[in-house]
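**Student:** With the input below, show me the fold.
(chains A and B)
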Amino acid sequence: MILDSRSCGDERTTRANQTDIMLPPVFGVLFDGIAYGMLLFVLSVGLSVTLGLMNFVNLAHCAFAMLGGYVSITLVNDFHWPFLTTLPLAFLAAAIVSVVLERTLYRRLYRSSDLDQVLLTIGLAFISVAVAAYVFGTIQQPIETPAILRGGINFLGLGLGKYRLFLIGIALVVTVLLVAGLEYTRFGAQVRAAVDNQRMARGLGIDVDRTFASTFALGSGLAGLGGALAIEIVGLDPNFAFTYLVYVLIIVSVGGLGSIAGSFAAAVLIGVSDVAGKYYAPELGAFLIYLVMVVVLMWRPAGLFGRR
Amino acid sequence: MVPDMRVASSSAGMTPRAYLQAQSRWHPLEIAFWLATLLPFVLFPDYLSLASQIAITALFALSLDIILGYAGIVSLGHAAFFGIGAYSAGLLSKYGWGEPLTGLIFAAAIAGLVGFAISFVIARFRHFTLIMITLGLGLLAFEAANRAHWLTGGSDGLQGVSMWPVLGLFRFDLYGYTAYSYSLAVLFVVFLGARRLINSPFGLALRGIRENWVRMPAIGADSRAHIRNAYTIAAAMAGLAGAVLTQTTESVSLESISFQRSADVLVMLVLGGAGRLYGGLIGAIIFMVARDQFSGIAPQYWYFWIGVLLVTVVMLLPNGILGGLSHFYARWKRK
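**Tutor:** Below you'll find the model as predicted:
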């Protein structure tokens, strides 16, 4: 069975070939949807935290994800590193570049209007797309994953892709680390204080700018990690910075700004709706997730878990 | 949004009526600008189709200026109305009625109606949520046009549009004489309307909403009702622009309703200077001419320069080119 297929359309045929079905295919769709949601969660959680913390609308978030993806792909294809060892570097590269941009450009616009922030970061995303097209070409890049992550395992008649299981595992580790880090460390307490009431936090002597720079680097690093992880599932081309930006924004706004639990829930919701939509109603295309977003926002403008 | 210093400084000691009258007086530069729009007929007769595209884009940017520049509503999905206008005009002609002027009215009415319906949603939200809702609605409109292949032709574009001569006299020719005259005339007429609108108490109320949404109701101006009206008007104007594009090119492509178009028009408006009637016009001219020139060199890297331009404008010229110019003009005048 080919389980590392790039589109859900392929999976449809592979699943149809299975004869010894014990669980109905809806569980397979659910599994793929959750795995996809986990990927989206890793991509978007950083944006959610930085948006909640500084109210900074960063539309270049997926450009950092794309950077991580290209770092990983270059190391694997040109330097023959094993895929798994490139993941920390994808994280680091995105984190370092983001913090440089934060110190030079972003910080000047913290008090500007939404519009200025949108324009600056859209500008950066445009630049990243053109640079990626110039350096790597516009075609989709293939990547070699280690043998251990290829293929699938059979569970009650469902073929569960190993790579997707790996994704779910990584996302759970990231979630646990983030939640634990935010709940039980000094840094986490500072971040929470700054999100809740920035002025008060400053008054208590918390260096909010520094906290934000670190959080921003962490969030962009996670996006870089997500970008590297995404190659196997959705491929990588220079338009990544915009294609997945829409998904990430949808998750952040549906989940509620600054809420990890919200991002997690929204990522699962959007991941499952997207995969289910493509599986059961392919003629609708992306219609379903846009609709989910608009309806959720009209019902709860601050998102499902938003506080404001 | 940075407060409009012009309003704050020059209106001191003036009655509102006198202020509005002073604003609506025609400046010699404005007259010079409109006379200059006639130059392409003489100077660049080979570029009349481009000039026509610029006039259409300027009209679209003007429509965004009403809601973004004046009322402060950021929209990432404004192309939805452009596209609705474009498809309405195209479909009307495809199914037998190719008269351009009634086609325009029809398209503006449809776009305005949809805009009116959507405005009830728009008026309820602010900030990030609003940006996301406009983005979502714009994407929904695109997906709808893409999927409704039977109606819109989907990604193949709408075929079979054929227009009758304008006023029964002027055919749309290959060189773009009629196209440019027609687009320019529509732009000018709509511009006069927009100018009148902005220099009216309603226009002042919009600027008030931009500066402080919460306080406006306290002086008796219902923010939401004003936003609804402004949004409907802007939608109808965007629909007009779309219809003119359809009529002058006799085709509609999916690109007319895409996110790209929403982003482009935002870039133009900000580049020229939002919240100034001429901002969108100047921005459209610079953007379209630059795209025409740069695309000839390396089309795939055009967006690199747009990105650089955006970063520069946001960092160095927060009120766009016109904002920067008027700032220097004001400083020069004071000396």
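**Student:** and A:Ala276, what is it in contact with?
**Tutor:** Residues in contact with A:Ala276, defined by Cβ atoms under 8 Å, 6 or more residues apart in numbering or on different chains, are A:Val29, A:Leu30, A:Gly33. For glycine as for every other residue, the C-beta is placed from the backbone atoms N, C-alpha and C.
**Student:** Skipping adjacent residues, who's closest to the second one in space?
**Tutor:** This points to A:Leu30. Spatial nearest neighbour of A:Leu30, chain neighbours left out: A:Val272 (6.4 Å); criterion: Cβ to Cβ, 6 or more residues apart in numbering or on different chains.
**Student:** distance of that neighbour from A:Lys278?
**Tutor:** In this view, A:Val272 and A:Lys278 are 11 Å apart by Cβ to Cβ, to the nearest Å.
**Student:** neighbour count winner among the two?
**Tutor:** For the pair A:Val272 and A:Lys278, the greater number of neighbours falls to A:Lys278 (22 against 19), based on other Cβ atoms under 10 Å in any protein chain shown.
**Student:** so B:Ala241 makes contact with B:Ala89?
**Tutor:** No - under the criterion of Cβ atoms under 8 Å, B:Ala241 is not in contact with B:Ala89, lying 10.5 Å apart.
**Student:** Could you tell me which ranges of the stretch 151-300 of chain B sit under the pLDDT cut-off?
**Tutor:** B:168, B:174, B:298-300 (pLDDT under 70).
**Student:** Could you do chain A as well?
**Tutor:** Low-confidence segments of chain A, defined by pLDDT under 70, span residues A:1-24, A:156-159, A:285, A:307-308.
**Student:** tell me the secondary structure for the residue nearest to the spatial centre of it?
**Tutor:** In chain A, the C-alpha closest to the average C-alpha coordinate belongs to A:Leu43, at a distance of 1.2 Å (Cα atoms, centre = their mean). The three-state label given to A:Leu43 by DSSP: H, G, I helix; E, B strand; the rest coil is helix.
**Student:** What is the burial count for the nearest residue to it once chain neighbours are set aside?
**Tutor:** Beyond its immediate neighbours in the sequence, the residue positioned closest to A:Leu43 (Cβ to Cβ, 6+ apart) is A:Gly226, lying 3.6 Å away. Counted with other Cβ under 10 Å, the neighbours of A:Gly226 add up to 33.
**Student:** so how far is the helix or strand where A:Gly226 lies from its chain's centroid?
**Tutor:** Under the criterion DSSP states H and E, the helix or strand holding A:Gly226 is helix A:208-234. Taking Cα atoms, centre = their mean, to the nearest Å, the mean C-alpha location of helix A:208-234 is offset from the chain mean by 8 Å.
**Student:** what packs against the helix or strand that that helix is followed by?
**Tutor:** The C-terminal neighbour of helix A:208-234 among helices and strands, as given by DSSP H and E, is helix A:240-255. With contacts defined as 3 or more Cβ pairs under 8 Å, 6 or more residues apart in numbering or on different chains; DSSP states H and E, helix A:240-255 has these neighbours: helix A:25-54, helix A:61-79, helix A:114-136, helix A:208-234, helix A:260-280, helix A:287-299, helix B:127-147.
**Student:** how about residue 60, what does it touch?
**Tutor:** This is for chain A. A:Leu101, A:Thr121, A:Ile122, A:Leu124, A:Ala125, A:Ser128, A:Ala241.
**Student:** Hmm, no, I was thinking of chain B.
**Tutor:** With contact taken as Cβ under 8 Å, 6+ apart, B:Phe60 is in contact with B:His78, B:Phe82, B:Met237, B:Ala238, B:Ala241, B:Gly242, B:Val265, B:Gly280, B:Ala284.
**Student:** distance of it from chain A?
**Tutor:** With distances taken as Cβ to the nearest Cβ, to the nearest Å, B:Phe60 is found 18 Å from chain A.
**Student:** tell me which element that residue falls in.
**Tutor:** Secondary-structure assignment from DSSP H and E places B:Phe60 in helix B:48-64.
**Student:** chain center to that helix, what's the gap?
**Tutor:** Between the centre of helix B:48-64 and the centre of its host chain there is 8 Å, according to Cα atoms, centre = their mean.
**Student:** Which elements pack onto the very next helix or strand once past that helix?
**Tutor:** Scanning forward in sequence from helix B:48-64, with DSSP H and E defining helices and strands, the next element found is helix B:79-94. If contacts are counted by 3+ Cβ pairs under 8 Å, 6+ apart, helix B:79-94 sits against helix B:100-122, helix B:127-147, helix B:149-152, helix B:223-249, helix B:259-272.
**Student:** Nearest to chain A among those would be which one?
**Tutor:** Distances from chain A to each of those were compared using Cβ to the nearest Cβ; the shortest belongs to helix B:127-147, at 4.3 Å.
**Student:** From A:Val29, how far out is the residue nearest to A:Leu30?
**Tutor:** The spacing between A:Val272 and A:Val29, counted by Cβ to Cβ, is 8 Å.
**Student:** before we move on, the earlier item: could you dump the helices and strands packed on helix A:240-255 into TSV and include distance to A:Val97?
**Tutor:** Formatted as TSV, the helices and strands packed on helix A:240-255 follow (distance: least, Cβ to Cβ, whole Å):
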stretch	distance to A:Val97
helix A:25-54	13
helix A:61-79	6
helix A:114-136	10
helix A:208-234	8
helix A:260-280	22
helix A:287-299	29
helix B:127-147	24
